[in-house]
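would you be able to build a 3D model of this:
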Amino acid sequence: MHIFRKILNVILGCGIVCGGVIFLSHSQLVTGGTTGIALGITYLFHTTFAVALLVTSIPFYLLSIFRMGWQFTLSTFFAVLTLALFTEINRWLPDFILPGYMGAIAGGGLLGLGLSLLFWNGASLGGVNVLALYLQKRFGCDPGRVTFWVDGSIVVAYFYSVGAEKGLYSILSVLITSAIISYFKGRIAAATQKNAC
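From the prediction side, this is the model:
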């Protein structure tokens, strides 16, 4: 029963993150981590988000296998694959543009909630998430702060492709995502330690 509930929570977390990705993409904003890198790749090379996400996640599985264990790595792979499949729904949505502030607030908020739910259940979306959880497990670092600094750097790197205004809204989305993850850091820490045993 526990594993079934965990799988459902990971699927729910991916669904929530998918909503955030859709808000961000229809506002033409980026975020950090592999999600942000994948969004940036879709803007630059006009590929699907699912393909970009799966490809950018590959290098981080090695860190995950050696530092977080097989259970975490398999949960993360399942989450990345689920998110990639969920985001394919965006291809069937009508083409529309949302204001940057709406994408930043809704997208950042949904990403923060979805990622927190994934972290509680011993999964992540690879990339920066793996690094943030590893640093929390090893050194007690706040995963929200780690996420903010790395994600902020990724967003700044994409300023050229999205422009200054959208870049600033993208930083706002990263702030919101990181604040939500930091809010739940105690529960995330407990889940990380439990999954490490």
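
burial measure for Lys137, as a count.
As a burial measure, Lys137 scores 18 neighbours (other Cβ atoms under 10 Å). Heads up, the C-betas are built off the backbone N, CA and C, glycines and all.

how near is Val146 to Gly152?
11 Å (Cβ to Cβ, to the nearest Å).

could you do Gly108 as well?
For Gly108, the distance to Gly152 equals 12 Å [Cβ to Cβ].

list residues touching both of the two?
Val174 (Cβ atoms under 8 Å, 6 or more residues apart in numbering).

Val146 and Gly152: who's more crowded?
Using other Cβ under 10 Å as the criterion, Val146 and Gly152 rank with Val146 on top: 22 against 17.

which ones are touching that one?
Val128, Leu131, Ala132, Leu135, Gln136.

again with Pro143
By Cβ under 8 Å, 6+ apart, Pro143 lies in contact with Phe119, Ala132, Leu133, Leu135, Gln136, Ile181, Ser182, Lys185, Ile188.

go again using 7 Å as the cut-off
Taking Cβ atoms under 7 Å, 6 or more residues apart in numbering, we find Pro143 in contact with Ala132, Leu133, Gln136, Ile181, Lys185, Ile188.

now it: phi and psi?
Torsion angles at Pro143 (phi, psi; degrees, to the nearest 10) stand at phi -60, psi -30.

against Val10, how distant is it?
With distances taken as Cβ to Cβ, Pro143 is found 17 Å from Val10.

work out the gap between stretch 63-77 and the centre of the chain.
Put simply, stretch 63-77 sits 16 Å off its chain's centre (Cα atoms, centre = their mean, to the nearest Å).

host element of the closest residue to Leu81 other than its chain neighbours?
Ranked by Cβ to Cβ, 6 or more residues apart in numbering and with sequence neighbours excluded, the top spatial neighbour of Leu81 is Leu54, at 7.5 Å. Assigned by DSSP states H and E, Leu54 belongs to helix 49-57.

and the contacts of that helix?
Helix 49-57 is contacted by residues 21, 34-35, 37-39, 41-42, 80, 83-85, 87-88, 90, 126-127 when judged by Cβ under 7 Å, 6+ apart.

just the buried ones from these?
Buried members of those, counted by 16 or more other Cβ atoms under 10 Å: 21, 34-35, 37-39, 41-42, 80, 83-84, 87, 90, 126-127.
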